[in-house]
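[1] give me a model of this one.
(4 chains)
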4 protein chains.
Amino acid sequence: MQTAIMIIQCRDDKGIVAAVSDFLFRYNGNIIEVDQHIDEEIGDFFMRAEWELESFAIPKGRIFEVFQDEVGTQFSMKCSLEFNHPKPRMAIFVSKLSHCLFDILSRYYSGQFQVEIPLILSNHTDLKRVVKGFGIPFYHLPITKENKQEQEQKQLALLREHNVDFVVLARYMQILSGDFIGNFPNRIINIHHSFLPAFVGAKPYHAAHKRGVKIIGATAHYVTEELDAGPIIEQDVARVRHHNTVEEMVQMGQDVEKVVLSRAIKYHLARKIQVVGNRTIIFN
Amino acid sequence: MQTAIMIIQCRDDKGIVAAVSDFLFRYNGNIIEVDQHIDEEIGDFFMRAEWELESFAIPKGRIFEVFQDEVGTQFSMKCSLEFNHPKPRMAIFVSKLSHCLFDILSRYYSGQFQVEIPLILSNHTDLKRVVKGFGIPFYHLPITKENKQEQEQKQLALLREHNVDFVVLARYMQILSGDFIGNFPNRIINIHHSFLPAFVGAKPYHAAHKRGVKIIGATAHYVTEELDAGPIIEQDVARVRHHNTVEEMVQMGQDVEKVVLSRAIKYHLARKIQVVGNRTIIFN
Amino acid sequence: MQTAIMIIQCRDDKGIVAAVSDFLFRYNGNIIEVDQHIDEEIGDFFMRAEWELESFAIPKGRIFEVFQDEVGTQFSMKCSLEFNHPKPRMAIFVSKLSHCLFDILSRYYSGQFQVEIPLILSNHTDLKRVVKGFGIPFYHLPITKENKQEQEQKQLALLREHNVDFVVLARYMQILSGDFIGNFPNRIINIHHSFLPAFVGAKPYHAAHKRGVKIIGATAHYVTEELDAGPIIEQDVARVRHHNTVEEMVQMGQDVEKVVLSRAIKYHLARKIQVVGNRTIIFN
Amino acid sequence: MQTAIMIIQCRDDKGIVAAVSDFLFRYNGNIIEVDQHIDEEIGDFFMRAEWELESFAIPKGRIFEVFQDEVGTQFSMKCSLEFNHPKPRMAIFVSKLSHCLFDILSRYYSGQFQVEIPLILSNHTDLKRVVKGFGIPFYHLPITKENKQEQEQKQLALLREHNVDFVVLARYMQILSGDFIGNFPNRIINIHHSFLPAFVGAKPYHAAHKRGVKIIGATAHYVTEELDAGPIIEQDVARVRHHNTVEEMVQMGQDVEKVVLSRAIKYHLARKIQVVGNRTIIFN
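    Numbers count the residues shown, from 1 in each chain, chains lettered A, B, ... in the order given. The predicted model follows:
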């Protein structure tokens, strides 16, 4: 079933829900899901509506315009309109660690992720063979201090060439430049191996072990220029005990990382995420 | 803030959301929360809307009628209309176990529960002193096989006398008669000390221990005539290990029971529960 | 590091721990881990000891005998002695569903599982290509009502030929005969897609949806002749809501299934499981 | 059943377990529980042994000395010996918030906590009435900037007078002086309303809301001079969503706080906590 998905942000006011639902009703929109949220601190209203395209009376290409004319302008709405078809195109950046990548590929294989994966990029060749088993092109672009900028240009060229919509850093271990990030605003998802904002930076499991915490976590977030500080999409945790070594915490943490990253991808694919300032609304 | 809460059930159709939100808009209703749900199996649409009463253009006593005329009849809706004020009146039935009762009283004391507790009934006197510390009347009605029917009549009389809206069985340990239950359809909440439908009946922790499960649970449900089979409101679990004795499982389980029961009460107080067949919709 | 792992069961008595630890001390055993458990219901004592082999004064092949002479006989112990090297050999049986298999392969690939996987057997060919990407032999043995007994003989022959130590049913969907099971007592691990003993049998997610539970689960257990009734190794759960369809519950459940099965395999590989009656001790 | 509990710390070496278990065996000690832990980073061995006193061949008052002579000195052990009887004496400091206090009182009432509560101290009178319902003396010592030092002296005098063994800060909201803390090293338990080390200091729920985290937590720790930095005993978390206001987060967090604090008290009462540097071993 093909659907249209509209996400709206505007000042909170009476009549918004009525206006939007009347619009959908008048043009014969069969609503699949509607969610609202009012952020009382900033006084803004948010709405996500998803409806069937097939029987909708406005052709796909004119929906945005007609909606703006009849509803959006009146409430000074910021709108985004997307369609669940064709499937979004996702690039995955990996290094040597396999757990997040394999979890993503497993969901891709089973059809749980409605996504195309036109390419996987890595600064190492370790994961090449398994990736081939899934029939996905694998590009090896080794990174050194010297060639980093140059390689980023090649990466960007590959992403453009493959019409990539968004990027997933599946424990990629390299810091992307502000330039690179600027090409994909709120469209690069990273998994950080700690319960942010605790233990930012490198070696979070070592830091967690040293502090003697009883719970470790992982955080999926959109990448922004400030390291580990972008809008959080999803988090989860696992319980550790005094006898767990750093190595065991790393292993236990990997189970959390892969689940958290895959959930974040799922929300992104379903267009259920709205970034507001440095926070996210998850319409779920 | 005083609010009206309407819960709607009807055949799924286009235009329902538009009709309801237009109604609220026309009469100047300031929406606090709207939730929808479509049950695709039975083809029914559900909606819960909560809005401010103060500025609403229809007087409290006429809302139901006007809504029926202008919207409800057209879609053959089953509606319920409630108000968050005055606070609902809850009776608690207890036996000797204190953990659920104290958790409820703690939330009542701190203002987390918007509820009146006009009375607590028990077949034992053990909990009388602490209940008095909270300033709530405590009634002792001992139950034997012989006097059960008679005592139930006294209980019912007390509930009527105190204008009780709903009843919470906080580990009450007695089975209520069909007659009694019939007086409070979907308005008696029980906590069962297992993850239903596993381990129905008495001594669930013993049964769980014998089966060697690794997780125990608790279930809050509305009481129906069939024992332990009413609509489930909330469940949660705790992890147990091989070295945990039945006694330890009882203690660990009590922590789950009290949290699950209190969450169920919270949903009930906020009118967030709709019973459909033997299942519940929790608008949350 | 090569280790010996001894698991002991005997009547609880004073001096057992002293006798075992004195034995290990006298022969220069460097203890890695010792765990005890007393089952007070049946009055039995259990102990799991793991120690380094390298510096141990008794040669590998004589440890069991010397221990029996000096300690075991005195306390009428039932002992099992195993070594962490060479790695155990695990066969995986799959059908069409990939999530559990891929999770296992992911851990095998990253070195999290200390195991050999000499072969994967399936009654379908769907998973063949990806399995090949991991470099593991894949055998296709289609099953019909008519050929089931015959195919089980071929399966057994393959397991013998590859010196398989234990079998994992990674959502295999076929019921094994008592004969087959008898060849691998407490050495066949199955994943059941419900929180046993709730919803035994086929289609547990449908049953869970119908009953309106708020939590679903999965159970890894050793396979015994009675279906879904073998000793439980591990369980876990996920929260569901009223709006989750059976299909969504299936998908959410798969995340639990794969984690639970992989944890059970991890315990089995580390020889941390002792079956007592129909329950398990997990020395963890 | 009266028991002795010994916790041992020494350099890791062969023969320690054998020496300790031989000691217990020779003097007819019936072992209830033994746990070991090796901290491989610092190379230390830890052991907690609990055994029945009744049939033990050494009188209570001489156990420590005999153990030192026969075992402790040889391995340069640091030992602590405690007895589960008489019950430890716990003072509770509260302010206005009731949730943690009521949870503790509930467990005290039901016999889950083996503890005496000789007094409850508060800088406010709000909780006096309910405390009286539990039959526990309540002392009101209001705190201002000016009288803080003086009131601490009164608090200390009360604790001494009532032979208090340890102190629980059940959301006490006041910072204790280094002097006060020095009187109860590793014997003051505080509950911090965040998942430390994230959001140290005041208003952690506000900070968590601002950062847009998806999970909030609570941390029970021993109080040291450095604020919010003492050894962590227990932590737990709850999931929050974008629509949860700070006020809702506070309420959801209170459920975590009370459970975490009560678990920490339970470990402390059972002498299951060993502090090592700034971390804790929980023998559980």
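[2] ok and the residue in the stretch 101-250 of chain A nearest chain B?
    residue A:239 (9.1 Å; Cβ to the nearest Cβ). C-beta: built from backbone N, CA, C; applies to glycine.
[3] now the closest residue to that residue other than its chain neighbours. Its backbone dihedrals?
    In space, and not counting its chain neighbours, residue A:239 is closest to residue A:215: 5.6 Å by Cβ to Cβ, 6 or more residues apart in numbering or on different chains. Main-chain torsions, residue A:215, degrees, to the nearest 10: phi -140, psi 130.
[4] and residue A:215, what does it touch?
    A:195, A:237-240, D:195, D:217, D:235-237 (Cβ atoms under 8 Å, 6 or more residues apart in numbering or on different chains).
[5] just the buried residues out of those residues, in ChimeraX syntax.
    To isolate the buried members of the contacts of residue A:215 in ChimeraX, using 16 or more other Cβ atoms under 10 Å in any protein chain shown:
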select /A:195,237,238,240 /D:195,217,235,236,237
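[6] out of the contacts of residue A:215, which sit inside strands?
    If you go by DSSP state E, the contacts of residue A:215 have A:237-239, D:217, D:235-237 in strands.
[7] rewinding a little: turn the contacts of residue A:215 into JSON lines, including pLDDT.
    JSON lines is the format used below for these (pLDDT from 0 to 100):
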{"residue": "A:195", "pLDDT": "92"}
{"residue": "A:237", "pLDDT": "96"}
{"residue": "A:238", "pLDDT": "96"}
{"residue": "A:239", "pLDDT": "96"}
{"residue": "A:240", "pLDDT": "96"}
{"residue": "D:195", "pLDDT": "92"}
{"residue": "D:217", "pLDDT": "96"}
{"residue": "D:235", "pLDDT": "97"}
{"residue": "D:236", "pLDDT": "97"}
{"residue": "D:237", "pLDDT": "96"}
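[8] chain C: which of the contacts of residue A:215 is nearest?
    The closest of the contacts of residue A:215, once distances to chain C are taken by Cβ to the nearest Cβ, is residue A:238, at 10.5 Å.
[9] who is that closest one paired with across the strands?
    In this entry, residue A:238 is beta-bridged to residue A:216, by DSSP bridges.
[10] ok, it touching residue A:258?
    No. Applying Cβ atoms under 8 Å, one finds residue A:238 not in contact with residue A:258, separated by 11.7 Å.
[11] quick one: which helix or strand includes residue A:45?
    Assigned by DSSP states H and E, residue A:45 belongs to strand A:44-52.
[12] that strand close to chain C?
    No. Using Cβ under 8 Å from any Cβ of the partner chain, we find that strand A:44-52 stays clear of chain C, coming within 13.4 Å at best.
[13] and that strand with chain D, contact?
    No. On the criterion Cβ under 8 Å from any Cβ, strand A:44-52 is out of touch with chain D, staying 8.9 Å away.
[14] next one, pLDDT for residue A:261 please.
    On pLDDT, residue A:261 comes in at 98.
[15] right, I mislabeled it, should have said residue A:132
    88.
[16] give the helix, strand or coil label for it.
    Under the three-state scheme (DSSP: H, G, I helix; E, B strand; the rest coil), residue A:132 adopts helix.
[17] next, count neighbours for residue A:197.
    By other Cβ atoms under 10 Å in any protein chain shown, 19 other residues sit near residue A:197.
[18] any low-confidence regions in the stretch 51-200 of chain A?
    Counting by pLDDT under 70, the stretch 51-200 of chain A has no low-confidence residues at all.
[19] how near is the residue nearest to residue A:239 to residue B:257?
    Taking Cβ to Cβ, to the nearest Å as the criterion, residue A:215 is separated from residue B:257 by 24 Å.
[20] likewise for residue A:89?
    Going from residue A:89 to residue B:257 by Cβ to Cβ gives 49 Å.
[21] of those two, who's got more company?
    When neighbours are counted by other Cβ under 10 Å, residue A:89 and residue B:257 differ, and residue B:257 comes out ahead with 27 against 16.
[22] list the contacts for residue A:165?
    A:88-90, A:187 are the contacts of residue A:165 under Cβ under 8 Å, 6+ apart.
[23] go on, residue A:233?
    Each residue near residue A:233 by Cβ under 8 Å, 6+ apart is listed here: A:189, A:220-222, A:264, A:267-268, A:273, A:280, A:282, D:214.
[24] residue A:84 too?
    Residue A:84 neighbours (Cβ under 8 Å, 6+ apart): A:2-3, A:5, A:50, A:114, A:270-271.
[25] wait, which of those residues is closest to residue A:179?
    Proximity of these to residue A:179 (Cβ to Cβ) peaks at residue A:271, which lies at 26.3 Å.
[26] neighbours of residue A:116, how many?
    Residue A:116 has 18 neighbouring residues, counting by other Cβ under 10 Å.
[27] ok, now which ones touch it?
    By Cβ under 8 Å, 6+ apart, the neighbours of residue A:116 are A:86-90.
[28] farthest pair in the contacts of residue A:165?
    Checked with Cβ to Cβ, those reach their widest spread between A:89 and A:187, with 11.0 Å between them.
[29] ok so, going back, what does the pLDDT read for the residue nearest to residue A:239?
    Here, the pLDDT recorded for residue A:215 equals 97.
[30] from residue A:246, how far out is it?
    Residue A:215 is 15 Å from residue A:246, by Cβ to Cβ.
[31] which non-adjacent residue is nearest the residue of the stretch 51-200 of chain A at minimum distance from chain D?
    Of all residues in the stretch 51-200 of chain A, residue A:198 sits closest to chain D, at 4.0 Å by Cβ to the nearest Cβ. Excluding the flanking residues, the one nearest residue A:198 by Cβ to Cβ, 6+ apart is residue D:198, at 4.0 Å.
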